[in-house]
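Undergrad: Pasted the sequence and its predicted model underneath.
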Protein chains: 2
Amino acid sequence: MISGIEFAGIASGVKPSGLDLGLVFFREKVNVLSLYTRNRVKAAHILYNKKIEANPVRALLVNSGCANACTGKEGVHDLGIIAEGIAPLLRIKTKEILFASTGVIGRRLPAGLIIRSLPLLVKNVKDSHLDAFSRAIMTTDTHPKVVKETFRGKREYTIIGAAKGSGMINPLFATMLAFVFTDYPAAAAELKRPFVHSVKESFERITVDGECSTNDTVMLFTKRGPEDPQGTAPFKEALLSVMQSLSMMVVKDGEGATRVAHIVVKGAKKKETAEKIARRIAISPLTKTALFGCDPNWGRIIAAAGDADVPVSPSKIDIILQGELIVKSGVEVPFDEQALKKMMNKKDISIVVDLNDGKASFDIYTTDLTYDYVKINASYRT
Amino acid sequence: MISGIEFAGIASGVKPSGLDLGLVFFREKVNVLSLYTRNRVKAAHILYNKKIEANPVRALLVNSGCANACTGKEGVHDLGIIAEGIAPLLRIKTKEILFASTGVIGRRLPAGLIIRSLPLLVKNVKDSHLDAFSRAIMTTDTHPKVVKETFRGKREYTIIGAAKGSGMINPLFATMLAFVFTDYPAAAAELKRPFVHSVKESFERITVDGECSTNDTVMLFTKRGPEDPQGTAPFKEALLSVMQSLSMMVVKDGEGATRVAHIVVKGAKKKETAEKIARRIAISPLTKTALFGCDPNWGRIIAAAGDADVPVSPSKIDIILQGELIVKSGVEVPFDEQALKKMMNKKDISIVVDLNDGKASFDIYTTDLTYDYVKINASYRT
């Protein structure tokens, strides 16, 4: 719990069943930093939040079950109406409210339903209701994703993160929704760079299916002054740690995933080369199905590396799978296939591709591609 | 049948069972044109064929079950030994033989096994054995892929195509292996452009899984003079037609596929924009799983379009699914979901995305993503 930050999560009816409407209420104004999807098609909440430029803010309203994306001007307008509905209940200004949505693209928000639920939502708001909030933002997630850490400056501070995300998780900015709250009074100038850095090193280092959502949103809410420079370094560290924990929760809960593979590409001339190869391997359906089948089929890994649109020297490549060197200088090192299959029958897989061509590296986490991914997504709307 | 072109297909033991070694023998020297994978990791047969620059040629030896990729210098050397083994049996020069391989990456060819099988292979060579040849080049294909057409110049000519391909089919040059034979004596100068054009309009217009093989190969074998300019136009037409038929066979036989979707992106300012969007939609796992589930989930289509790294105006986009306008100017047109689901329960799906922003267009064929794709690829090697 962070004093002055209160949460609520209720069932409003946006989804057929379960919690679907979450609220964060800040007793005092807080500063906010946001990063949104790079998809050219952006959900209404992104267009709305960017338009009103609320900062500082007093409230965040999040719904699941409806992405409110591709809903035209009406979709953005709906959010204004809902803001007008909740502002008096919280005794704050309409312009102090931000929104986030997640769920099916193309459907308008049931604004009437939501507005009718607002009194109940506000009544439920409590500093102890983080769990309900974190459940209200879930879609295909199998469990809520909350992280809490403390760190010290002049005094002890708390940082809390809540995220949702399971499918439509893409390599760049792969989050769906993540919210981070802290009572640390960060100076605005010291905030942006660690925020962007932490996102790059967490949500942008995971992929489930290479799909980029219309709704991806990361928000960081911080206390307003007086500043505490003593806490700067510990805060940065805690921020990165919380975002990395959340992103690992997201990838581990990837739709249908049974394993998470950590892909490290090293020995590259440039970091960009390592990154392109790592990302290409991470979205390769053949690599991902082989992971599912515990198949040490390194040919698919090297084929993906060769298809990354960057120069590679196949004859220099080493591949280390679960710590075993299986490819040296581009050709197979004899290995015990049955033993390796057994070693791959784990939740965590390690794939190291050494280009032996330089000193740059990049790493990313991905999931296996399973029957359940197909099942979940062949029938998600129905 | 084409007089002077003979085929064979036998079981040599490269695969545990079934035909796995194919031969095409040309009674007279023929001209050859080849296009190979854009993957930076190239199979040994590609490195070998490029090195020896055989043209004209007398024979083509193809094996399935082993890609002979990532096998180092030894993999290329093996082909030289096999060429030396077969040349005297066919009474041709070693340098008149080309190779193609398909199968698992990373394994050396069992050269001894193949060389021991060569007498049987050569004994089997007959102009009527095209079917055996087309079966010998299959991997996860469920049926052989052969197309035959005739066209007229001064006399009637025949063009025959044989292809294999099912998985690791990528948007650019998505074929695995395809061989086209004709008794039309095309002039060298008139050959290259229609060949490249036909590949662009056929094998580069399909995708199964967005994966680029290390082995992709298309070869066109034509008779050597005297030329027949009267046949030029009919030949070009027949060549394109044969390649398009083969590529449609490949995508329809895509691993685990139950449907093929024709994706047309039109109304773009530039063809490049339409192409990027069409290709992005075509590899979107969420779109492909929705196709499997007969789900008119157009949000996934528009989200993929927005993630194609080209500018789009979401508010201009129309989407027509199975002939029904379901999105107009970026928002949903009310439609009967149950009726549309029923209309999607077909083998052929039509998706038209109109950007309403210009006159350029691009189209591509893709498959749905199914349980069987996962099944086939989780256990391919075992």
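TA: Perfect, thanks for sending it.
Undergrad: Return the set of buried residues in the strand or helix carrying A:L113.
TA: According to DSSP states H and E, A:L113 maps onto helix A:111-123. Across helix A:111-123, burial judged by 16 or more other Cβ atoms under 10 Å in any protein chain shown covers A:111, A:114-115, A:117-118, A:121-122. C-beta coordinates here come from the backbone N, C-alpha and C atoms, glycine included.
Undergrad: need the longest strand for chain A.
TA: strand A:21-36 (DSSP state E).
Undergrad: which helices and strands does it pack with?
TA: Judged by 3 or more Cβ pairs under 8 Å, 6 or more residues apart in numbering or on different chains; DSSP states H and E, strand A:21-36 is in contact with strand A:5-10, helix A:44-52, strand A:57-66, helix A:111-123, helix A:130-136, strand A:177-182, helix A:192-200, strand A:217-223.
Undergrad: follow-up on the earlier one: how far does the helix holding A:L113 sit from the chain's center?
TA: Centroid separation between helix A:111-123 and its chain, computed with Cα atoms, centre = their mean, to the nearest Å, is 27 Å.
Undergrad: on contacts alone, who are the packing partners of that helix?
TA: By 3+ Cβ pairs under 8 Å, 6+ apart, helix A:111-123 packs against strand A:5-10, strand A:21-36, helix A:72-90.
Undergrad: Which one of those lies nearest to A:D307?
TA: strand A:21-36 (29.3 Å; Cβ to Cβ).
Undergrad: Helix A:111-123 and that closest one, what's the angle between them?
TA: For strand A:21-36 against helix A:111-123, the angle between stretch directions is 100 degrees (axes from the mean of the first three to the mean of the last three Cα atoms, to 10 degrees).
Undergrad: Please name the nearest non-neighbouring residue to A:E275.
TA: Closest residue to A:E275 in three dimensions, ignoring its sequence neighbours and counting by Cβ to Cβ, 6 or more residues apart in numbering or on different chains: A:F362, at 4.1 Å.
Undergrad: For the one you found, which phi and psi angles does the backbone take?
TA: phi -160, psi 140 (degrees, to the nearest 10).
Undergrad: who's in contact with the helix or strand containing A:Q338?
TA: For A:Q338, the enclosing helix or strand under DSSP H and E is helix A:337-344. Helix A:337-344 has contacts (Cβ atoms under 8 Å, 6 or more residues apart in numbering or on different chains) with A:291, A:294-296, A:321-322, A:324, A:326.
Undergrad: What average pLDDT does the following helix or strand past that helix get?
TA: Per DSSP H and E, the first helix or strand lying C-terminal to helix A:337-344 is strand A:348-354. Regarding strand A:348-354, the rounded mean pLDDT is 97.
Undergrad: picking up where we left off before, compare the contacts of helix A:337-344 and tell me which is most surrounded.
TA: Using other Cβ atoms under 10 Å in any protein chain shown as the neighbour criterion, A:L291 leads the contacts of helix A:337-344 with 28 neighbours.
Undergrad: how about that residue, what does it touch?
TA: Here A:L291 is in contact with A:259, A:261, A:344, A:349, A:367-369 (criterion: Cβ under 8 Å, 6+ apart).
Undergrad: Make CSV out of the residues you listed and add neighbour count and secondary structure.
TA: Shown next, in CSV, are the contacts of A:L291 (neighbours: other Cβ atoms under 10 Å in any protein chain shown; DSSP: H, G, I helix; E, B strand; the rest coil):
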residue, neighbour count, secondary structure
A:R259, 20, coil
A:A261, 23, strand
A:M344, 22, helix
A:I349, 21, strand
A:T367, 28, strand
A:D368, 25, coil
A:L369, 33, coil
